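Participant: Only the shape, not the letters, is given here:
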């Protein structure tokens, strides 16, 4: 990966202090998304990593993960699968409960979304603590899929997210 390009992308991510609550610095990717060149570059950098991995499905979690996941799936010529919070999917689902910083949540995927031994790429915008990514990876495995890699636009290394994801291959385009 060309580190100059990833450093250039950092210029299109702004920090929003105390959002969504006091003490959090939110990484706002809206400037990157609204610029056709940086959006295209981001997708191309993702696809550079995954083009030879024989991916069958790209799985992304709501909401910003859908943006990159669907485009990457299109570019790689594979299916796209949304993972949503409990009660948001219309068909039969498989679910997983996972811990949040303060409490628990439930994620769901359609029961028929992944076939046994599908090679799955999980794509999201930010890897923070790793809890959501870990839950999605377990959900994919629960459905019979193989997690080939997890891809993120941004990784917040100071939160040590890879601790929870030791057994997975992770690609992060930008690290803070």
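Facilitator: All right, it came through fine. Quick caveat: nothing in here was measured; it's all calculated off a predicted structure. Numbers count the residues shown, from 1 in each chain.

Participant: what helix or strand is residue 122 on?
Facilitator: strand 119-127 (DSSP states H and E).

Participant: middle-most residue in the protein, spatially?
Facilitator: Per Cα atoms, centre = their mean, the C-alpha nearest to the average position across the chain is that of residue 124, at 1.7 Å.

Participant: how about the protein, which residue sits the furthest from its center?
Facilitator: Farthest-out residue of the chain from its mean C-alpha position, per Cα atoms, centre = their mean: residue 22, at 24.6 Å.

Participant: And what about that residue, helix, strand or coil?
Facilitator: With DSSP: H, G, I helix; E, B strand; the rest coil as the basis, the three-state label of residue 22 is coil.

Participant: for the lengthiest helix in the chain, the distance to its chain's centre please.
Facilitator: Here the longest helix in the chain is taken by residue count, with DSSP state H as the criterion, and it is helix 36-50. Using Cα atoms, centre = their mean, to the nearest Å, we find the averaged C-alpha position of helix 36-50 to lie 14 Å away from the chain's own average C-alpha position.

Participant: So which other helices or strands are in contact with it?
Facilitator: Under the contact criterion of 3 or more Cβ pairs under 8 Å, 6 or more residues apart in numbering; DSSP states H and E, helix 36-50 touches helix 3-10, helix 30-34, helix 64-76, strand 146-155, strand 170-175. All C-beta spots, glycine's among them, are computed from the backbone N, C-alpha and C.

Participant: name the helices or strands packed onto the helix or strand just after it?
Facilitator: Once helix 36-50 ends, the next helix or strand along the chain (criterion: DSSP H and E) is strand 57-61. Using 3+ Cβ pairs under 8 Å, 6+ apart as the contact definition, the elements that strand 57-61 packs against are helix 64-76, strand 79-85, strand 119-127, helix 131-142.
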